[in-house]
Structures are given as structure tokens and as C-alpha cells.
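1. Got a predicted structure plus its sequence, pasted below:
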Protein chains: 2
Amino acid sequence: MTVPGLIQFDEWQDTYALRVETMRSSAVRDLFAAASRSDIISLSGGMPDITGLPLREVGEVIARAVLEEGVAGLQYGDTTGRLKTKQVVCDLMRDFHVATSPEDVLVTTGAQQALDLIGKTFLNQGDVVITEGPTYLGALQAFSAYQPDIHTVPFDDEGIRTDLLEEELERLGRGGAKFIYTIPNFQNPGGVTMSLARRARLLELARRFDVLVVEDDPYGRLRFEGEPLPCLRSLDDEVVYLGTVSKVFAPGLRTGWVIAPHPILSKLKLVKQGTDLCGSALNQVIVERYFNETDWRTTLTGACERYRRRRDAMLEALAEFFPPEARWTRPEGGLFVWVTLPEYIDTPQMLSVALENGVTFVPGDGCYPAGSGKGRNSMRIAFCYEEPDKIREAVRRLSLVIEERMELCRAFIAAGQLR
Amino acid sequence: MTVPGLIQFDEWQDTYALRVETMRSSAVRDLFAAASRSDIISLSGGMPDITGLPLREVGEVIARAVLEEGVAGLQYGDTTGRLKTKQVVCDLMRDFHVATSPEDVLVTTGAQQALDLIGKTFLNQGDVVITEGPTYLGALQAFSAYQPDIHTVPFDDEGIRTDLLEEELERLGRGGAKFIYTIPNFQNPGGVTMSLARRARLLELARRFDVLVVEDDPYGRLRFEGEPLPCLRSLDDEVVYLGTVSKVFAPGLRTGWVIAPHPILSKLKLVKQGTDLCGSALNQVIVERYFNETDWRTTLTGACERYRRRRDAMLEALAEFFPPEARWTRPEGGLFVWVTLPEYIDTPQMLSVALENGVTFVPGDGCYPAGSGKGRNSMRIAFCYEEPDKIREAVRRLSLVIEERMELCRAFIAAGQLR
């Protein structure tokens, strides 16, 4: 029973597993409710712009599919996914010069489930995982459930610092890390893309130190500038590759995939059985039909065009409004820009003030492992969801909040209270 | 690289987590492929009969929903589920005299995910869970990932033996078990239903020994004989209740739900974030529309009528063909009958012979925790999926396989080789 206004006593508080104690709620997810207030401009969510989807056509495709597939489209299905869906995945991977056949593919309930399955399959408590720092907060959430020790390696404009990665691997020794988790294209939250030289170097290090590489590639097709680079999986078939339709079609289908060496795939399949039995047959049917029967490339080109205009608006506004002390990345695709502020600015604290001023962002600390103390002077701002004029206004609002805090800090410093 | 005909060397075999070693693949899932051979009659799967679904109407409902909901139906959604979906859940629960509001509900990716989330939220390695023995093999798979110690309590025709449950709880002491997992209605695999007296007794014991009760109720609406009994949740609002649309609408939507005390619900929500972010918005929209816009009760009544005829065919065939030494349950609803054979019959071994003879079943050992050694002379046979004449033929085939093995055993006994 809940008594309004009182903190609820939790009689089950001693029964939760230890892993729950260290779990943090995603700031992005928690901002969902706030972001729906009409006066707030959200730079926090990574929601793709799917306003260009031909809804009438999608609806008709689905209605036809339900009739034509019959009950098979509404029944339980194979744990690894429908054969036709896997064939669509293979077709999509061919664009990336990855030769796969359906038996190399496990269809997952979004790429987020793939991260959970990988954590569940590989991680004992205390095992070491290496990620970029900052990295995708959902990956941190997924892995954390298995209580690993997450080590982060910084990136620069060419992606993960492979020199620092090498030092880390040398410290850990051969087999000292379970896997390296990386987002080579338009990294979340960094927006940076790993150069070809770094890709080759990372794979070389992984082989030398006998570490599995997990390549997460949700944004690979969202390039609106420059030339595509080969994905890690196309360079080394021991790489575990994660893909998703979320940013290419729609997140509401919760359909992603893993491509992995067969022994790993069979373990992931076993683990998926207990996790959710199988993916939604209907969603898979819709994915098959969308990629086989609609002009999805044109729809996607339209979305990328909108992302490019929004990124331009964001970079222009940052240059115009943000203080000279701030630095930020310049993505050639994807959804995000990563901003680093002076060290004395605390973005988690700043969030509530920003909300009052009608703008949201993701504080940087959430993109580092819990308790690391890192990222508190940085933030992820997304350019994917709002129109250019709103992005400009949001960046302006944010700059005012930052300026105010910088003023405050300067006053403190002047008063000798802070160094 | 896979070389045909050779067992593949797994260079990652030392990197898997310990939990994977004890995981077993579900016999049901593995039989999926075999069961699709046209000469085989499957008594193994728990796939509901959804042939009565009005496919044209469902297709049209979906097409309309995609247009009317717009991009919201294809976007990321709230981790706890769509408000309208939760309202549908509340409406459904009202039939069971459970008063809930949307904030009591977490929408999950099928009830299987709810089992995973409960394991993840409550179980440290070695924690004790109490289940009926035998129990749902998917629950064993879900919980096992968190390496608990699963204790089983047998059932009889009135459901779980609460006298033995009391002994077990006394042995464990207050707070000695994390939760009791039970399927009160048409238990999987038992087919038995817990009597009202046992329900009251189980709740009394749970309160006395301070143990959470997890009530899994996928089959509650599939009653085709006798009077419904109140669900545990309607008798005690500390019970965690799991529901699903799989057997009431369609499994291909992967939509289930948890109703739980708020503190527990907030932990489950946190855990769900890292597991798959959120459920499929589209599937939730379809669920809303199906229950609000179609005559689903009539469709379900039709399905129950078919189940009743099939159960009758199965019970008649068992009485006619099975040896007098065999015993079986007599379900008043649901999908399954549980058969116990003489102790010297080994059903896991018998499965391949049965397959050769064109019939599949679930060997009983899979419905007990791995390594318990229990259930090897029993089997789950499902009457949900095949027509009465096929069920009769399948039971006949199965009886021949059993008779043959009994003959063999009797010959061994006569020769003094076996006692």
C-alpha cells in the first residue's frame, strides 16, 4: 500500500541481490518523462528521427504480412530468429563487406539484449571488461548486472587511444580481460569515429593479448559526411558484431542481431532461451518486409540529411554560444556530440538547473562506470531529435546555465574559496 | 571457420562465465526443428492453438494502429510499458478480482523476461528458491543463470504439497528462501490446479516464514471444466504476479507483465533497463487494440473448446493404450498432462526411439533442477497443438515405445540382470 507523501517502507529490502545495489538508473530513461513537457527541448535522448517513415505503407505492409504469414507470424519462433530475418541481416551486412550466412546470425530483442546476453555469457564477478571511456551507458548497465571490473580507455578524434589500450592490456596480461567493447562508428556518447589505422591496431592488440572484441555498430549507416570505414568484423571474423534496426528502421521493433563465431553463438543462443525464449515473430516479419518491400534506402537518406542539418546547427550554436573554455567533438555521422567543460563544472549538479531553464542533456558521469568519479565536467548532447532552430535555442539556454555556473565559480575563486 | 563433419575447436572455451557451464538447452526448444518434420506428431511444445485468430481483422487493426499512433508506435518507449497497455492489463486483472492501477504494472517482453528479471533482481549465487517439482523448465533456465540452489516440493491432485512445503521452510528457517515460485493454475508441466485450501495455506506459510511468493499464471484463462479459483494475488497483495498474452492472444507479440509491490517493481524496472531498455511499442499497441477492439473473449472461448476436445482425446487414448503401471494427471484446463511411468523407464533415453516412431514429448528430468536426478521416469505431453485424431495416434505410438521398453526391462528382470 502506498501512502501519498510518505516514503514507502520496503519490507523486501534485505532480499535483493547484491548486483542491484550498484545499479544506477539511466539518466536518459529517467529524463523521458521530463522531456515530454512541451516547454523543454531535449538534447538528452538518443531517439532516432523516424518522422520520415512512410506510415501508411508500413501499416499496409504489416497487414499484408499478418495475412500472408498466417499464424506463424504470431506464434513462438526459433530462439535464434526467423531464417528470413537472418537473410535480411546477411543482405545488410553485405553492404559492409561482411560475408555471412544465416547460421552466423542470432536475432536479438534489440542490440541492448545482445549486450545483456554477452555479459551473461562471459562475465563472472570481478572479470575485467575494457570499454572506451566514456561509453554507451546502456552497455555499462547491461554488463554491470554481472558485476565485472570495467576499465576505460579514453578516445581522441581518431577513436580509442590504442597506445593507452596497449598499456592497459600489458598491465592486465594475456587473457586478463574478457573482452573489449567498442563502438567504432560515431561513438556513443563521443560522436568520434575510429580511424582505419586504429582499427587495425586494436585488432592486432586483441589477437596478441587473446581478448575477444565486441563491436557495437548501431550508427554505422548514419554517415552524412566523409567516407565509410570498414567495420572491425570485416577485418577479422573472430569479432563479435552487434547490429540493430533501431536507427535504420525503427526502435519500436526491438530487433537487433549478433554475428559471432559459431561456438560463441551457440552459447548466446542457450543464454537467450532462459532470457526471453525467442524474439517477437511479428516484429521479425515486419523487419523482413520493410527491408525487402519498401524503398528503405531513400527513407534513410532523408533521415541522414536531417541529421546533417541538425549537427550543423548544433556545431554552429556551440561555436557561437559556448564559452571558449569548452571543447566538443565534430561527428561525421550518428546522433551525438560530447562536450568537455572546465574541470570545476559539475554537470550532474547542473542538470536540474538546466531543466528549470528548459533544456535537458546527459551528464557525462553516467557514461563511465559507477564510482569512477569520471566525466563530471562533460555532457552528451544529441542532435538527432529536434529541429535546427530548437537545437540552436537549446544550446543557447545551455550556454546561459554554464556561463552562470562559471561566473559563480570565478567569484568563489576570486574569494579564495576554490582553487 | 566451420569445417563440415569436424567438431569445431572453440578457442574461446576458457572465457565463458561459470553460469554457462550448468545451463542446459531446453528439450522443447531443441525439438522445435524435429517437430516440423511432417511425419512427426508433437506432444512436446507448449504452443497455444492460435488458428482461431481473426487474421484479417488483426491485420487491419494493426494497419490502422500504425497510422493512428504515428511514430510513437515505432519509437522507444517507457521502460515500464505504455500507459494504455497497463490499462489493458488492469482490465484483464479485474476479471480475476485483482484491483490494480497502471503504476502497479511492469510490461515485460513475455512472461519469460519477467522470470529473468526476478532472478536477476533477487538471486545471489547459492540463494534458495522453492518451486514445485516438477516445474516450468523455462523458469529453471531463467533462475539458473543466477546460480541459486533450487529446492523442489512435489504436488498432488490439489497442487503443491503444503505439508511438505512447511517442512522445507522449517528446515530453511525464517528468511532462508528468497522466494517460492508457483504456477497455481493448470501447472506446467503437471496440469494440476492448487485447491483453495492449499492457496490459503501457502500464503500463510509465506507470511510466517517471510518468503516472497511469485505466482506465474499463463494458463489461468484456459479453463474448460470446473469453477475458477482466486489467484494468489487476489488473496494477498504482497504476491508478485506474472501474466502474459501468449496463451490469450498470441506468443509472437512477446508481451507479458508483472504486478508487484511498488518497491519491488521499481527494482525490476531498473533491472529491465539494462536488459532490453523497453518493450516493443508496436507490440504493445497491437495488444491494446486487440483487447479493446476485437471480440477476443469469443475467440478465446473457441480455443478453450478445442483444448477441451483435445484433452478428452488424450485422456481417452491414455486409458486405452497406456500400460496399467502408468499414472497421469487429469487437467481441467491449460495445455499439459504429466505422466509417471514405472521407475525403471528412462524417458530421456526413450526420446530418440519415440522420435524414430514419429512422436515427441518432453522428458521429465528437464522439469527438475539440473543434477537432481529426478523425473527420469516421467514425461510432459501437451494436448494443445494437435487435432484429437493425431493426439490419439501419438499416444498410441508412445504406448508402443513404452511397452517395448517395459518388455525389455521385464526380460532383464527375468534374467536377473535388473531388480
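-> Now that the structure is in, tell me what you want to look at.
2. okay, CA-based contacts and neighbour counts for the rest of this
-> Noted.
3. what are the phi and psi angles of residue A:360?
-> phi -120, psi 150 (degrees, to the nearest 10).
4. Skip the chain neighbours and tell me the closest residue to it.
-> Leaving aside its sequence neighbours, residue A:360 sits nearest to residue A:42 (CA to CA, 6 or more residues apart in numbering or on different chains; 5.0 Å).
5. give the contact list for the one you found.
-> By CA atoms under 8 Å, 6 or more residues apart in numbering or on different chains, the contact set of residue A:42 is A:35, A:359-361, A:385-386, A:394.
6. for residue A:128, same thing?
-> By CA under 8 Å, 6+ apart, the contact set of residue A:128 is A:148-151, A:176-179.
7. For it, which residues count as its bridge partners?
-> residue A:149 (DSSP bridges).
8. what pLDDT does it get?
-> Listed pLDDT for residue A:128 reads 98.
9. Now do the contacts for residue A:333.
-> Shown in contact with residue A:333 (CA under 8 Å, 6+ apart): A:186, A:191, A:219, A:222-225, A:304, A:307-308.
10. okay if I get those as CSV plus distance to chain B, pLDDT and neighbour count?
-> Shown next, in CSV, are the contacts of residue A:333 (distance: CA to the nearest CA, whole Å; pLDDT from 0 to 100; neighbours: other CA atoms under 10 Å in any protein chain shown):
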residue, distance to chain B, pLDDT, neighbour count
A:186, 20, 98, 27
A:191, 21, 98, 27
A:219, 16, 97, 23
A:222, 17, 97, 23
A:223, 21, 97, 21
A:224, 22, 95, 20
A:225, 26, 95, 12
A:304, 17, 97, 23
A:307, 17, 97, 26
A:308, 21, 98, 23
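11. what's the pLDDT at the spatially closest residue to residue A:201 that is not a sequence neighbour?
-> What sits nearest to residue A:201 in space, not counting adjacent residues and going by CA to CA, 6+ apart, is residue A:162, at 6.8 Å. We have a pLDDT of 98 for residue A:162.
12. And the one 4 residues further on, by the same measure?
-> Among the per-residue scores, residue A:166 shows a pLDDT of 98.
13. and the stretch 251-400 of chain A, which residues reach chain B?
-> A:251-254, A:261-264, A:267, A:270-271, A:273-277, A:279-283 (CA under 8 Å from any CA of the partner chain).
14. Stretch A:10-25 and chain B, any residue contact?
-> Yes - residues of stretch A:10-25 contacting chain B under CA under 8 Å from any CA: A:10, A:12, A:15-20, A:23-25.
15. Could you give me the buried positions within that stretch?
-> Within stretch A:10-25, the residues that count as buried by 16 or more other CA atoms under 10 Å in any protein chain shown are A:12, A:15-20, A:23-25.
16. With pLDDT as extra columns, can I get those residues in a markdown table?
-> Output for the buried residues of stretch A:10-25, formatted as a markdown table (pLDDT from 0 to 100):
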| residue | pLDDT |
| --- | --- |
| A:12 | 87 |
| A:15 | 89 |
| A:16 | 93 |
| A:17 | 92 |
| A:18 | 90 |
| A:19 | 90 |
| A:20 | 89 |
| A:23 | 81 |
| A:24 | 73 |
| A:25 | 73 |
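17. Dump the residues you listed to JSON lines, plus secondary structure.
-> Shown next, in JSON lines, are these (DSSP: H, G, I helix; E, B strand; the rest coil):
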{"residue": "A:12", "secondary structure": "coil"}
{"residue": "A:15", "secondary structure": "coil"}
{"residue": "A:16", "secondary structure": "coil"}
{"residue": "A:17", "secondary structure": "coil"}
{"residue": "A:18", "secondary structure": "helix"}
{"residue": "A:19", "secondary structure": "helix"}
{"residue": "A:20", "secondary structure": "helix"}
{"residue": "A:23", "secondary structure": "coil"}
{"residue": "A:24", "secondary structure": "coil"}
{"residue": "A:25", "secondary structure": "coil"}
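18. Any regions of chain A where pLDDT drops low?
-> Applying pLDDT under 70 to chain A flags the ranges A:1-8, A:26-36, A:417-419.
19. Tell me how it divides into domains.
-> Using automatic domain parsing, the domain parsing of chain A gives A:18-47+A:298-414, A:55-293.
20. Strands along the stretch 151-300 of chain A, start to end?
-> Using DSSP state E, counting those that start in this stretch, the strands of the stretch 151-300 of chain A run over A:155-156, A:159-160, A:179-182, A:212-216, A:240-244, A:256-259.
21. helices or strands next to the fourth one in the packing?
-> I take that to be strand A:212-216. Here strand A:212-216 touches strand A:179-182, helix A:196-209, strand A:240-244, going by 3 or more CA pairs under 8 Å, 6 or more residues apart in numbering or on different chains; DSSP states H and E.
22. Any chance you could list what contacts the longest one?
-> What it means is helix A:196-209. Helix A:196-209 has contacts (CA under 8 Å, 6+ apart) with A:158-162, A:166, A:169, A:173-175, A:184, A:212-213, A:229-230, A:232, A:235-236.
23. ok, 10 Å please
-> Here helix A:196-209 makes contact (CA atoms under 10 Å, 6 or more residues apart in numbering or on different chains) with A:158-163, A:165-166, A:169-170, A:172-177, A:179-180, A:182, A:184, A:193-195, A:210-213, A:229-233, A:235-236, A:238-239.
24. can you tell me the distance between the two ends of stretch A:46-62?
-> Distance across stretch A:46-62, first residue to last, is 26 Å (CA to CA, to the nearest Å).
25. For chain A, just list every one of the helices.
-> With helices called from DSSP state H, chain A shows them at A:18-21, A:27-35, A:55-69, A:83-94, A:110-122, A:137-144, A:162-172, A:196-209, A:232-235, A:262-276, A:281-293, A:296-321, A:347-356, A:388-414.
26. which of the residues in the third one are buried?
-> Right, the one you point to is helix A:55-69. Buried, per 16+ other CA under 10 Å, within helix A:55-69: A:55, A:57-67.
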